[in-house]
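>>> Quick check, what structure comes out for this input:
(one chain, ligands or ions: 2)
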Amino acid sequence: MKTQEPIIALSTADGAAAIHVIRLSGSGCIEIVDKYCSKSLSKFDSHSAVYCHLGESQDQIIDECVVTIFRSPKSYTKEDVVEISCHGSPYITQSILSLFLRSGVRMAEAGEFTMRAYLNGQMDLTQAEAVADLIAARSKGQHHMAMSQLRGIFSAKIQDLRAQLIHFASMIELENDFAEEDVEFADRGELKDLVARMINLIKELTDSFRYGNAIKNGVPVAIVGPPNAGKSTLLNALLQDDKAIVSAIAGTTRDYIEDSTQIDGISFRFIDTAGIRQTDDEIESQGIKRSYEQMARARLVLYITEIREDHQDIVREIKELKISEDAEIVVLLNKIDTFHACHAYDVEEAVSTLIGRQPVLSLSAKSELHMDKLKEILVQRIKGSIDNHDIVVSNARHQQELLQAGSSLKAVIEGLNSGIPTDLIAIDLRHATAHLGSIMGEVTTDDLLENIFRNFCIGK
Ligand SMILES: Nc1nc2c(ncn2[C@@H]2O[C@H](COP(=O)(O)OP(=O)(O)OP(=O)(O)O)[C@@H](O)[C@H]2O)c(=O)[nH]1
Ligand SMILES: [Mg+2]
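Ligands and ions are numbered 1, 2, ... in the order given. Below you'll find the model as predicted:
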């Protein structure tokens, strides 16, 4: 472990509060705090919480505090750490910070405590990234993903993949060492099987990113349909807020409007769009173009239209949209409050059979009839997708590295198939290993670390 200069930062959010916590880390930081503390900290063991007065001298006390000391290596950063809990006045925190800044302690940079924890081997890079995700978590789903990454479940999977790769590489390298004797230590068929298995594992992980990313940033759900169908009414009902203007005039919503809400611990981003119809109006056409763009980007599409007896007409309308086969769409038949209740079910069935998609749900956005069923469907769609993956990738950097590791492994398979020299295969193998290694921070650059930690808050 490197000797690090002491750093300091306010670890709690700025502003007035009941208490604030100021954190110091680095060589000698316990001794530095000791100089301004009414109790002698050197007498206390690691993990002691000491009540004391803090200030330049006994006549210039800034506050009565509780100082907790953590002696290296048993601390968050593995260095000596002091946490000062003081009264939560911005004046007090500023005075304490100034006191230590005058004594040669430096202000910590964003994420510097966690970066030190990583550099000192307390955690790998995915776990350090999980700390930032955990702080940013606003929903149960986001919290669950960050926690699982922090506990090292994702790292263990990558470690396992990397170990298999290294085993494979060692066999190839061995052949390289005996290149002149033209021997084959590894059975080509077995090698290909091993690489194919790894490619599959990587694909499973990269496939999960679609869900992981949606959970992390809010699942985008586009609400589309013809004018006057009740799209804006539905948005307002889902948000329980008067976010969008509702009117009986067709073409009220001109541009898309979005807002987020949580349902059953999952954060959804609902996007209300302009009603789709043929029009010569320049502005409305642009709005409709945006509706299509939102539909293409969304993770889920709620297609809403007015319920009517003529189910063939509804089906024609949906087919005209030319939605791609793999798009996830839920058809909603709105305004059942104005329809014969017993017929609604028949129309649902008929539309569902003819378009070959399930479910088709009849509801009333205005009277909030069957909204609970809609929410259940939304949650089920997302949870169902996640339950299919034991580990979910939610970080774009990890996804990028996994994709690159996957392409290098595909090159290995091609190399084995075409019988190219093993030293060339070894190059692709090394690339794959490096990409997996950089996920956990075993191979990093200063730029990469700066990029990751600058998104942290100061004090973490
Ligand atoms: N009876 C009934 N009326 C509804 C229902 N949902 C919406 N409406 C009415 O239908 C009209 C259109 O609603 P909006 O929510 O503005 O429809 P929209 O799809 O956003 O329309 P555009 O923005 O013009 O594309 C309004 O008068 C709503 O009050 C419903 O479930 N039942
Ligand atoms: Mg609208």
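
>>> Each with direction, which strands does the strand of greatest length in the chain pair with?
In terms of residue count, the longest strand belonging to the chain (DSSP state E) is strand 61-70. Strand 61-70 sits in its sheet next to strand 48-55 (antiparallel), strand 81-87 (antiparallel), going by DSSP bridges.

>>> Skip ahead from the shortest one and say which helix or strand is next.
Sequence order places helix 90-102 as the next helix or strand after strand 81-87, per DSSP states H and E.

>>> still on that earlier bit, what lies in contact with the longest strand of the chain?
Residues outside strand 61-70 that contact it (C-beta atoms under 8 Å, 6 or more residues apart in numbering): 30, 33, 37-39, 41, 44, 46-56, 76, 80-87, 92, 95-96, 99. For every residue, glycine as well, the C-beta is placed using N, CA and C.

>>> do stretch 278-289 as well
Residues contacting stretch 278-289 (C-beta under 8 Å, 6+ apart): 251, 253-256, 273-277.

>>> Considering only the residues you listed, which also neighbour ligand 2?
Near ligand 2, judged by C-beta under 5 Å from the ion, the entries from those are residue 253.

>>> Mark which of the contacts of stretch 278-289 are buried, thanks.
Among the contacts of stretch 278-289, those classed as buried by neighbour count (16 or more other C-beta atoms under 10 Å) are 251, 253-254, 256, 273-276.

>>> so what's the residue of the stretch 301-450 of the chain found nearest ligand 2 bridging to?
Nearest residue of the stretch 301-450 of the chain to ligand 2, counting by C-beta to the ion: residue 304, 10.3 Å away. Beta-bridge pairing of residue 304 under DSSP bridges involves residue 332.

>>> pLDDT at it, what is it?
If you check residue 304, the pLDDT there is 97.

>>> wait, what's in contact with it?
Counting by C-beta under 8 Å, 6+ apart, the residues that residue 304 touches are 223-225, 229-231, 234, 332-334, 365.

>>> now stretch 99-111, how far from the centre of its chain.
31 Å (C-alpha atoms, centre = their mean, to the nearest Å).

>>> next one: stretch 235-254
30 Å.

>>> any chance you could map the helices in the stretch 301-450 of the chain?
When secondary structure is read from DSSP state H, counting those that start in this stretch, the stretch 301-450 of the chain shows helices at 311-320, 341-355, 371-387, 396-418, 422-440, 446-453.

>>> Report all helices and strands that the longest helix anywhere in the chain contacts.
If you go by DSSP state H, the chain has its longest helix at helix 188-217. Contact here means 3 or more C-beta pairs under 8 Å, 6 or more residues apart in numbering; DSSP states H and E; on that basis helix 188-217 packs against helix 140-150, helix 153-177, strand 266-272, helix 371-387, helix 396-418.

>>> highest average neighbour count across these?
strand 266-272 (a mean of 23; mean count of other C-beta atoms under 10 Å).

>>> okay, the helix or strand following that strand in PDB with CA atoms only?
The helix or strand immediately downstream of strand 266-272 is helix 282-297, counting by DSSP H and E. The C-alpha coordinates for helix 282-297 follow below in PDB (Å, rounded to 0.1, in the frame of the first residue of the first chain):
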ATOM      1  CA  GLU A 282     -46.300  21.100 -40.700                       C
ATOM      2  CA  ILE A 283     -45.900  21.300 -36.900                       C
ATOM      3  CA  GLU A 284     -48.200  18.300 -36.200                       C
ATOM      4  CA  SER A 285     -46.200  16.200 -38.800                       C
ATOM      5  CA  GLN A 286     -43.000  17.000 -36.900                       C
ATOM      6  CA  GLY A 287     -44.700  15.900 -33.700                       C
ATOM      7  CA  ILE A 288     -45.800  12.600 -35.200                       C
ATOM      8  CA  LYS A 289     -42.300  12.000 -36.500                       C
ATOM      9  CA  ARG A 290     -41.100  12.300 -32.900                       C
ATOM     10  CA  SER A 291     -43.800   9.900 -31.800                       C
ATOM     11  CA  TYR A 292     -42.300   7.300 -34.100                       C
ATOM     12  CA  GLU A 293     -38.800   8.100 -32.800                       C
ATOM     13  CA  GLN A 294     -39.900   7.700 -29.200                       C
ATOM     14  CA  MET A 295     -41.700   4.400 -30.100                       C
ATOM     15  CA  ALA A 296     -38.400   3.100 -31.600                       C
ATOM     16  CA  ARG A 297     -36.400   4.000 -28.600                       C
END
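
>>> Please shift the residue numbers so they start at 46 in all later answers.
I'll keep to 46 as the first residue from here, and by that count the last item is helix 327-342.

>>> All set now, cheers.
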